[in-house]
Each structure stands twice: as structure tokens, then as C-alpha cells.
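>>> I would like to see how this sequence folds:
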Amino acid sequence: MRTEDGACDAAEGAAYGATGDYQPGVLDLRRSLGQAAPIVFDSPHSGAHFPLDFGTVVGREDLARVQDSHVDALYAGVTAAGASLLAAQFPRSYIDPNRSLEDLDSRLLDGAWPGVLRPSDKTRLGHGLIWRSFPPDRMMYQRRLSVSEVMARIEGYWRPYHTALEGLLHESVSAFGAVWHINCHSMPAGSSPLVSRRTGGNRADIVLGDRDGRSCDPAFTAFVRDRLTAKGYTVRVNDPYKGAYIVQAYSDPRHGRHSLQIELNRSIYMNERTLERSASFDGLRTDLTDLAFDIRDYANAAALPQAAE
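I've put the predicted structure just below:
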């Protein structure tokens, strides 16, 4: 896949050979650096490689403000704790891995869609599988997209990401009997135009989303909350983010599949105006690496009884 930014050079890509998989412009998969643990981190919205066929009329600087800048770098140290880290390389506004394939706006298309469409509130706001509008009300395209080009985005970007994520989760369940999956995101310091019926007020430092206790054992949510609170962060649970498609699609706590969404307030690690990393970036990265080691200990202790059954 070619991108406007240019693909990663061969030497950089080869560095992932033994411990992961790098598909330029599509995904970056980094596996455990040591003994593997039943932990998977994924960052679906940190991609900044703009495909040549994007064709949007919205400028790149604006699009960069709605992606999870630097989130993949913040979690880069988790592989030292035995976790895997998957990150999308393409922007969410091109095609969003955190949306269902049915969450597509028919008003974007120049023809009939061959599959089932079940647009969500996100699609009605213009931010479904493929964005129709840029917040608050700018159109992303001056034309309708062809069915074939939307299918090409699905097959070239959305599906490889989900194939990789599903494979990582399956490997952990097969090896350990369970998996603890952390879905990694960032959020604006104030209210977001991407969240309907939510205005005003400053956010907590970190928001954990477990779909009101349905996507993971609530004890795991409490464990992560307590570890982050102990490090001095203000933490809320399911307010205002409960977890979206990825957490919903891959979680099954009754069968050992625990998925937790973590939203980081961008103001605690970057300048939201310039998108540059702030002085607190390294400290947060260290804390998230420490959290991965804590989750490893929690997961290993919880997985042993399940593996013995």
C-alpha cells in the first residue's frame, strides 16, 4: 500500500521481523519481547499515513486533530511486559476500525450496497465506518464514493487490522485459556463533537470503558482504575465513553475474553493545538508501561486456574 507520507523504508520494516509484523500504511504489530503474557493492546485510531486515494477535501492538519496522536508511542513499552501491541497506520477518517462493517452511511455511496446496513448514532453524526462529515458540519467529499472503492478500503485496511487483532486474541486464549485486551484511545480535554448529547466540562485524566461491566470482569476494571489512581490520575468509568465496536465485538468475559477501553486525556501528554508531545509525555509512557506489568501479574494469576480447568 502506497501512502502520501511514503512507506516505511525496508530497514525500519525489517526491524519488526522477529517480534511482529509491519505492513506499511496498514498496521504495525509488535509482539512480546520476552515471555508472552495473555495481554493484547490495540490502538485503532493513531494512524497518520494518508492513502493516495483518500480524496477528501478536508486538510491533513484538520484531520490530524481527530486522530489519537502519539497513543501508539505511549504504549510502546508494553511489549516488555509480555504483551502484544497492534496499531493501525491509516487515519480513522479514511476508514474506522472501531466501527462495524454495517455502520455505513448510504448517502456516501453512488450505488446500492450489496450487504446489510445498520447505521448507528455515530453514522448519523457523520462518523461511521467511513466519515461523511468532519465535525462539526464540513463535508469530507465533494462527490459520492463508489461501492468498489469502499470495498477496497475494507479489504485493504479494515479487514487486515481485524484479522491481526482476532489472531492475537485467539492465540492468547488458546495458550492461556483467557485474554486481557486493552483498547487504546485518546480524548479531547473538553467536550468532543464526536460524542452526541455531551457538552461542556473538563474531562478526567483517564476514562475506562467496559460497557457497564459487560466487556470484562468488573474486578479487572476496578484493578486498572485503582492502579492509575494510585499514580495520581483522576479516573472515571464509563463516563462519557463506555467502549465502542472493538470492545463489544471481541469481549466475552464468561469465556475468558476481557476487553477494556482506555481513553487518555490529550492534555496530560500533548499540546492539543500544536499536537506536539509535552514534557509529561515520558512520565505517562512510563506509567503505562508499569500498568502493563501490573496487568501481566493480574492476568497470569487469573489465567492459571482457567488453564488448569
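>>> Touching, D53 and S148? I think so.
No: using Cβ atoms under 8 Å, D53 is not in contact with S148; the gap is 11.2 Å. In this view, the C-beta of every residue, glycine as well, is placed from N, C-alpha and C.
>>> More neighbours: which of these two?
Taking neighbours as other Cβ atoms under 10 Å, D53 and S148 compare with D53 leading, 13 against 9.
>>> gap between the closest residue to the more buried one other than its chain neighbours and Y157?
Nearest non-adjacent residue to D53, counting by Cβ to Cβ, 6 or more residues apart in numbering: E149, 6.7 Å away. Going from E149 to Y157 by Cβ to Cβ, to the nearest Å gives 12 Å.
>>> between those two, which one's more packed in?
Each of E149 and Y157 has its neighbours counted (other Cβ under 10 Å); Y157 has more, 25 against 14.
>>> Now do the contacts for the more buried one.
Going by Cβ atoms under 8 Å, 6 or more residues apart in numbering, Y157 touches 1, 26, 51, 88, 90, 94-95, 97.
>>> Would you confirm that it belongs to a helix?
Yes: applying DSSP: H, G, I helix; E, B strand; the rest coil, one finds Y157 inside a helix.
>>> Tell me the confidence at it?
Reading off the confidence values, Y157 has pLDDT 98.
>>> Kindly report the same for the one 4 residues further on.
The score at Y161 is 98. That number is its pLDDT.
>>> Was I right to think it contacts V26?
Yes: Y161 is within contact range of V26, at 7.3 Å (criterion: Cβ under 8 Å).
>>> shared neighbours of these two, anything?
A88.
>>> Which one's more surrounded, the two?
Set Y161 next to V26 and count neighbours by other Cβ under 10 Å: Y161 wins out with 25 against 22.
>>> Is it correct that that one falls within a helix?
Yes: under three-state DSSP, Y161 sits within a helix.
>>> picking up where we left off before, and the residue nearest to D53, that's in a helix?
Yes: assessed with three-state DSSP, E149 lies in a helix.
>>> Give me the pLDDT for it.
You'll see E149 listed with a pLDDT of 97.
>>> re the thing from before, take the contacts of Y157 and write them to JSON lines, including secondary structure, pLDDT and distance to R107.
Output for the contacts of Y157, formatted as JSON lines (DSSP: H, G, I helix; E, B strand; the rest coil; pLDDT from 0 to 100; distance: Cβ to Cβ, whole Å):
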{"residue": "M1", "secondary structure": "coil", "pLDDT": "36", "distance to R107": "27"}
{"residue": "V26", "secondary structure": "coil", "pLDDT": "97", "distance to R107": "27"}
{"residue": "P51", "secondary structure": "strand", "pLDDT": "96", "distance to R107": "22"}
{"residue": "A88", "secondary structure": "strand", "pLDDT": "98", "distance to R107": "25"}
{"residue": "F90", "secondary structure": "coil", "pLDDT": "97", "distance to R107": "22"}
{"residue": "Y94", "secondary structure": "coil", "pLDDT": "98", "distance to R107": "18"}
{"residue": "I95", "secondary structure": "coil", "pLDDT": "98", "distance to R107": "16"}
{"residue": "P97", "secondary structure": "coil", "pLDDT": "98", "distance to R107": "22"}
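>>> quick one: which of these is most hemmed in?
Result: A88 is most packed of the contacts of Y157 (other Cβ under 10 Å), 32 neighbours.
>>> That one contacts A48, correct?
No: judged on Cβ under 8 Å, A88 makes no contact with A48 at a distance of 9.7 Å.
>>> All the strands of this protein, residue numbers only.
Per DSSP state E, the chain carries strands over the ranges 20-23, 27-30, 39-43, 84-88, 133-134, 138-139, 179-187, 206-209, 235-237, 257-265.
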